[in-house]
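**Student:** Got a predicted structure here, sequence first:
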Amino acid sequence: MSDESHYGGDCCEAALWGAEKLVTIHRMNPDTLRIVHGIVTGSSGPVEGLRYGHAWIEMNSTIVFDFSNGNEAVLMKEAYYAAGEIEEEETRVYSLDEARRECVESGIYGPWDDDLFEHWIPEELATQGGES
């Protein structure tokens, strides 16, 4: 496996480092945070209408933080999932400790799940150099 940075995205790295910042700088309880990898549907630009892999942070399963590509989005989970057409069964959820361990053991920020990895970069993006 390789990470998504080759395709112009930084979502996996941004999710892990974003969670670390929420804990160290904003003093959030790490037990309330989860790193989530999942398949989303793009809504604009080169990813419009494409299903591809993405990563974000969830707090208490109700609030989403998305720091990918310089964003600072904070949304209710229900709205985020609706906008991205995200299906729960197409997500993998990790505690911060699990995410740290996966990152160290694999040498990449994600994705770490083989099933998700197969769908992470759609063929249309892989042939263009893509974005996430």
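**Tutor:** Great, that's in hand.

**Student:** Pull the contacting residues for G18.
**Tutor:** I57, F65, F67 (C-beta atoms under 8 Å, 6 or more residues apart in numbering). (Each C-beta comes from the backbone N, C-alpha and C, glycine too.)

**Student:** In contact with the last one: list those residues for me.
**Tutor:** For F67, the contact set (C-beta under 8 Å, 6+ apart) comprises A14, A15, W17, G18, I57, A73.

**Student:** swap the cut-off to 10 Å and go again
**Tutor:** By C-beta atoms under 10 Å, 6 or more residues apart in numbering, the residues touching F67 are 10-11, 13-19, 21-22, 55-57, 73-74.

**Student:** Where strands are concerned, which of the contacts of G18 count?
**Tutor:** I57, F65 (DSSP state E).

**Student:** one step back: closest one to V104 out of the contacts of F67, please.
**Tutor:** Lowest distance from V104 to the contacts of F67 (C-beta to C-beta) belongs to L16, with 10.9 Å.

**Student:** Low-confidence stretches in this protein?
**Tutor:** Applying pLDDT under 70 to the chain picks out residues 1-8, 127-132.

**Student:** Could you give the bridge partners of the spatially most central residue of it?
**Tutor:** In the chain, the residue lying closest to the centroid (C-alpha atoms, centre = their mean) is A55, at 0.2 Å. Using DSSP bridges, the bridge partners assigned to A55 are H37.

**Student:** coming back round to it: columns distance to Y80 on top of the contacts of G18, output as a markdown table?
**Tutor:** Below are the contacts of G18 laid out as a markdown table (distance: C-beta to C-beta, whole Å):
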| residue | distance to Y80 |
| --- | --- |
| I57 | 11 |
| F65 | 10 |
| F67 | 13 |
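
**Student:** Out of the contacts of F67, flag the one nearest to R34.
**Tutor:** Of the contacts of F67, the one sitting nearest to R34 (C-beta to C-beta) turns out to be I57, at 7.0 Å.
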